[in-house]
Each structure stands twice: as structure tokens, then as C-alpha cells.
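> What follows is a predicted protein model with its sequence.
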Amino acid sequence: MSCSSVSSFTSLFVPPKKPSLSNPKPRFIHCSLGGTVVEPKATAAAEPLFLNAVRGHDVERPPVWLMRQAGRYMKSYQIICEKYPSFRERSENADLVVEISLQPWNVFKPDGVILFSDILTSLSGMNIPFDIVKGKGPVIFDPLATAADVDQVREFNPEESVPYVGEALTILRREVDNKAAVLGFVGAPFTLASYVVEGGSSKHFTKIKRLAFSQPKVLHSLLQKFATSMAKYIRYQADNGAQAVQIFDSWATELSPVDFEEFSLHYLKQIVDAVKQTHPDLPLILYASGSGGLVERLALTGVDVVSLDWTVDMAEGRRRLGHDIAVQGNVDPGVLFGSKEFITNRIHDTVRKAGKGKHILNLGHGIKVGTPEENVAHFFEIAKAIRY
């Protein structure tokens, strides 16, 4: 896939020129897959559309980005994977992280450019050895099961353990140059605990629930370490260039509402409160897949944005959350396998139900492997042509 700009632009670190009032015409990027995407205006002083929408400012359209927008559906990413087959090598090398993070930016110009990383990246720095194996996913070499195991978990120091994350975010901010928001992300305490107790992904979550219901003090001790560490990690990402941070609590919806309040909500609130003390203007986004039964509780965390998955009707989600909080989502990622007309209709339906303002258009989950790139290009083209 290749794109060419009608008005050429460069990714070199050159200060942007002041906008010319005599040449107000927008610039377009023509994609080889067909269609055009409007290139954001190069005004360094203006806040990105993403941030303005989250803060409730008047915007002409909802900002758009896609979870997993940098990844396996892109041919350019597959080429990198052939050269660097280890996921950890790709995600723990600042130069590769920047290159991969910028792949969708260079082609689609989303309004959010998210760091290419993984929610488990912090584990090695917490004395929890792991790997991410192709075809299998995360593997925790020594799953935690006892109080003694939890005692061995160290508090995370991102400056020492993941300096490449800070370096990559700093470069991304320079490259994107405020034409979009640079996004960081972390895993939520319960989701991280689920991985390290289960030993990886799980279908039934019996080990983490056994620990929660038979030795709650042990689990609470682990969750506290993750909460303290993730608050520190969010601050680190913000200090190095992230303009918003998404918290992924992928497995929290395996809990009943009462157990969510004890084992997830409590620690999410801790993270938000701690971050807001030092970074009050940093937008925090919370995503939990399958969250229909917990929507109102997600808002109680104090985050600025609740990201809804596609099983929640956007209009109902808005009503349940109220308009004081921003929403993100929530097109079914499977829609991107449909016709362009079908994709267009679903985008318009989602935006209409979300209403004007405080909405970030996104999928209700990450892009699926095998999604046609031309359909992703179409998604962005339609989304960026919307006007309230």
C-alpha cells in the first residue's frame, strides 16, 4: 500500500510553518486502495481534535482512531514481522515501536496515534518473567499462586525497566507534531492479575477466582502492587509525550458486579485519583470488553472517557452514562469485513446515536486479523467526512 500527498509533507523534525490565510484549501492524501483522507492542518498551536472532543469543546466531527490500528492486518506490519519475528523484540525496541506506531498514521491519518506495545510490557520490570508466543499469546513462566509468590513481585519503575517506551513516545510526539493526539496505554490491575495467576489467557478464569474467593488478601496484595505501578506508568507515559492514556481492563467483565466493585473498581479509582493529583488535565480512557452489565460502574472510576464495546447499543450507553462523560466506540470490528456501503451505514448509525460532542469514533474491540486494508481506509475516509 502506498499513499501520495497532493501537497507534499515530510516526517523530518522541521518546525511547522504558520498557516497561510491565502491558501486555505485542505490537503488530501490519495491512497492506492482508493479514496482520499483529509490531511490535518499543520497548526502546531491548536490542540488536537481528539483532546478538544474529550474536553467537551465544540468540534466539527468526532475524532476517529481504531484499537489495534497498528498490527497484523497491515501488509507493512507483516513485512516487519518477517524480519523481527519476536513480538517482544518489535515492542521493546524504540525505533521499531515508532515505525510500527506510525504505519497507520502515514496511511490513514487517524486522530489518535497509539503507542505500539502490550499491556504486559511492565511485567518483566516487576519480576514476572513472560513471553508472547506466536499462535499462543501471553505465557507467564511462573504463575503466581501464593502469598510468597506475590511477595516476590516488585513495584514497577518505568524509567529503569522500559526506557524505550519513553523514548518512543517522545519521538512520536515530534513526528505527529500535534496533528493528532499521541496515546499511551496500560493494563488494569485485575486484568494483569488474571494473566499472571492464570499463566496466560483463560476461558474460565478458575485460578484467579479461586484466589479471589479463597485467599482474597493475597489477591488484594497483588492488585495493590499493580495499581501503584500502573499509576506510576501512566505518569511516566504522560511525562514523555502521551496526551491521553487508555486503561484496558479486558477481563474485569468476567466478574459479577459485586466482585467487580471489590477487585477492580476500587483499584481503578486509585489509579485515576493518583494520576489526577499530578496530571489533572490528562484524559484517561477505560475500556472493558463485554461491559454491558457494568457500564454505570465504569463511570464511577472517575475516567474521562468510557470506551464501549459493540454489544452495548451506543444510544443506550449514552443514556446510562450521561453526557458529562465522553464515550468512545463502538462499531463491531466484524463490520469491517462487510461492504463499503454497510460500513458507511454503521459508522453513521453509531455517530448519530452518540450525539454531538464528547464522542470518539472507534471500534468496540481491536481490528481483527485478516481485515481488508481497503475497508479500514474506507472507514477513515467516511469518518473524517462526517460533519455535525
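Looks like it came in fine.

> Any idea what the residue most central in space within the chain is bridged to?
A centroid search over the chain (CA atoms, centre = their mean) returns Q246, at 5.0 Å, as the residue closest to the centre. Beta-bridge pairing for Q246 (DSSP bridges): F185, I285.

> got a list of what K136 touches?
G200 (CB atoms under 8 Å, 6 or more residues apart in numbering). Every residue, glycine included, has its C-beta placed from N, CA and C.

> My guess is the residue nearest to the centre of the chain contacts Y287. True?
Yes. At 6.0 Å, Q246 and Y287 qualify as touching, with contact defined as CB atoms under 8 Å.

> what touches both of the two?
In contact with both Q246 and Y287: S307, using CB under 8 Å, 6+ apart.

> circling back: and the gap between the residue nearest to the centre of the chain and D142?
To D142, Q246 is 28 Å away according to CB to CB, to the nearest Å.

> how about low-confidence regions in the stretch 1-150 of the chain?
Applying pLDDT under 70 to the stretch 1-150 of the chain picks out residues 1-45.

> Tell me where it has strands.
Secondary structure of the stretch 1-150 of the chain (DSSP state E, counting those that start in this stretch): strands at 3-5, 27-31, 36-39, 112-114, 130-133, 137-140.

> quick one, strands of the stretch 251-388 of the chain?
Using DSSP E, counting those that start in this stretch, strands in the stretch 251-388 of the chain cover 284-287, 305-307, 326-331, 359-363.

> Deepest-packed of the ones you listed, please.
When these are scored by mean count of other CB atoms under 10 Å, the highest mean neighbour count falls to strand 359-363 (a mean of 28).

> Please save the CA atoms from that one in CSV.
Presented in CSV, the C-alpha positions along strand 359-363 are these (Å, rounded to 0.1, in the frame of the first residue of the first chain):
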residue,chain,number,x,y,z
HIS,A,359,-17.6,11.1,21.3
ILE,A,360,-14.5,9.4,19.9
LEU,A,361,-15.4,7.1,17.0
ASN,A,362,-13.7,3.8,17.3
LEU,A,363,-14.4,0.1,17.1
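
> Between strand 326-331 and that strand, find me the angle.
Strand 359-363 runs at 30 degrees relative to strand 326-331, counting by axes from the mean of the first three to the mean of the last three CA atoms, to 10 degrees.

> Show the residue spans covered by the helices in the stretch 101-250 of the chain.
Along the stretch 101-250 of the chain, the stretches classed as helices by DSSP state H, counting those that start in this stretch are 147-151, 158-161, 163-176, 189-198, 206-214, 216-239.

> Counting neighbours, what do you get for the nearest residue to F156 once chain neighbours are set aside?
The shortest distance from F156 to any non-neighbouring residue, by CB to CB, 6 or more residues apart in numbering, is to S229 (3.5 Å). S229 is flanked by 25 other residues according to other CB atoms under 10 Å.

> H57 too?
12.

> tell me, how many neighbours does A46 end up with?
14.

> ugh, typo on my part, it should be I119
I119 - counted by other CB under 10 Å - has 20 other residues nearby.

> mind putting the helices of the stretch 101-250 of the chain in a markdown table, distance to G293 included?
As requested, the helices of the stretch 101-250 of the chain are exported to a markdown table (distance: least, CB to CB, whole Å):
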| stretch | distance to G293 |
| --- | --- |
| helix 147-151 | 29 |
| helix 158-161 | 33 |
| helix 163-176 | 33 |
| helix 189-198 | 15 |
| helix 206-214 | 17 |
| helix 216-239 | 21 |
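
> To E99, which of those lies closest?
helix 163-176 (9.6 Å; CB to CB).

> Quick one: list the elements packing against that closest one.
helix 94-108, helix 158-161, strand 181-187, helix 216-239 (3 or more CB pairs under 8 Å, 6 or more residues apart in numbering; DSSP states H and E).

> Name the stretch among the ones you listed that sits most buried.
Scoring the helices and strands packed on helix 163-176 by mean count of other CB under 10 Å, the most buried comes out as strand 181-187, with a mean of 25.

> quick check: mean pLDDT across that one?
Per-residue pLDDT over strand 181-187 has a mean of 98.

> Tabulate the CA atom coordinates of it in PDB.
C-alpha atoms of strand 181-187 as PDB (Å, rounded to 0.1, in the frame of the first residue of the first chain):
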ATOM      1  CA  ALA A 181      -3.100  13.000  19.800                       C
ATOM      2  CA  VAL A 182      -0.400  10.600  20.900                       C
ATOM      3  CA  LEU A 183      -2.000   7.900  23.000                       C
ATOM      4  CA  GLY A 184      -0.400   5.600  25.600                       C
ATOM      5  CA  PHE A 185      -2.000   2.700  27.400                       C
ATOM      6  CA  VAL A 186      -1.700   0.400  30.400                       C
ATOM      7  CA  GLY A 187      -3.300  -2.800  31.700                       C
END
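
> Tell me, how many residues neighbour the closest residue to G292 other than its chain neighbours?
Nearest non-adjacent residue to G292, counting by CB to CB, 6+ apart: V312, 4.9 Å away. As a burial measure, V312 scores 22 neighbours (other CB under 10 Å).
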